[in-house]
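Trainee: Predicted model and sequence follow; I will ask about them next.
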Amino acid sequence: APDFAARVALVHSRFSTNTFPSWDRAQPMRFVAHNGEINTLDGNLAHLRAREATLASARFGPALADALPLADGADLSDTGVLDRVVELLALDGWPLDKALARLV
């Protein structure tokens, strides 16, 4: 498909529903807008935390450690955690569609 540019942005604001509501957990996020709950949150967080020690990036090098931990369940909603991981992959050079597909 040909490249295109759009001058439209989607903004979705609401409180998270699976954590205690607060404005710092409200959307919009920076990379992801997600309207729903991620039902496997605990398993996904455990999987992510278990692999943080083995994360590596040629782009970030040792500075990658400054981005960890990626998931702090006490401070972020499910979408906030997803957004943070998508942001890291995008900043590491992953095309957005590939980063999202990897996380499915």
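Mentor: Happy to help now that I have it. Keep in mind the model is a prediction, meaning the values are calculated, not measured.
Trainee: helix or strand right after the top helix by length along the chain?
Mentor: If you go by DSSP state H, the chain has its longest helix at helix 78-91. Scanning forward in sequence from helix 78-91 by DSSP states H and E, the next helix or strand is helix 96-103.
Trainee: hey, C-alpha coordinates of that following helix in PDB?
Mentor: C-alpha atoms of helix 96-103 as PDB (Å, rounded to 0.1, in the frame of the first residue of the first chain):
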ATOM      1  CA  LEU A  96       4.800  -0.200  15.200                       C
ATOM      2  CA  ASP A  97       2.900  -3.000  13.500                       C
ATOM      3  CA  LYS A  98       5.600  -5.500  14.200                       C
ATOM      4  CA  ALA A  99       5.900  -4.400  17.900                       C
ATOM      5  CA  LEU A 100       2.100  -4.900  18.300                       C
ATOM      6  CA  ALA A 101       2.100  -8.200  16.500                       C
ATOM      7  CA  ARG A 102       4.900  -9.500  18.800                       C
ATOM      8  CA  LEU A 103       2.900  -8.700  21.800                       C
END
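Trainee: name the helices or strands packed onto the longest helix of the chain?
Mentor: Packed against helix 78-91 by the contact rule (3 or more Cβ pairs under 8 Å, 6 or more residues apart in numbering; DSSP states H and E) you find helix 41-51, helix 96-103. Every C-beta, even on glycine, is put in place using the N, C-alpha and C of the backbone.
Trainee: looking at the ones you listed, which one has the lowest mean pLDDT?
Mentor: Lowest mean pLDDT within those: helix 41-51, at a mean of 84.
Trainee: Just the buried residues of that helix, please?
Mentor: In terms of neighbour count (16 or more other Cβ atoms under 10 Å), helix 41-51 has its buried residues at 41, 44, 45, 48.
Trainee: Next: stretch 57-70.
Mentor: For stretch 57-70, the buried set under the neighbour-count rule, 16+ other Cβ under 10 Å, comprises 64, 67, 70.
Trainee: Need the three-state assignment for the last one.
Mentor: The one in question is residue 70. Secondary structure, DSSP: H, G, I helix; E, B strand; the rest coil: residue 70 is coil.
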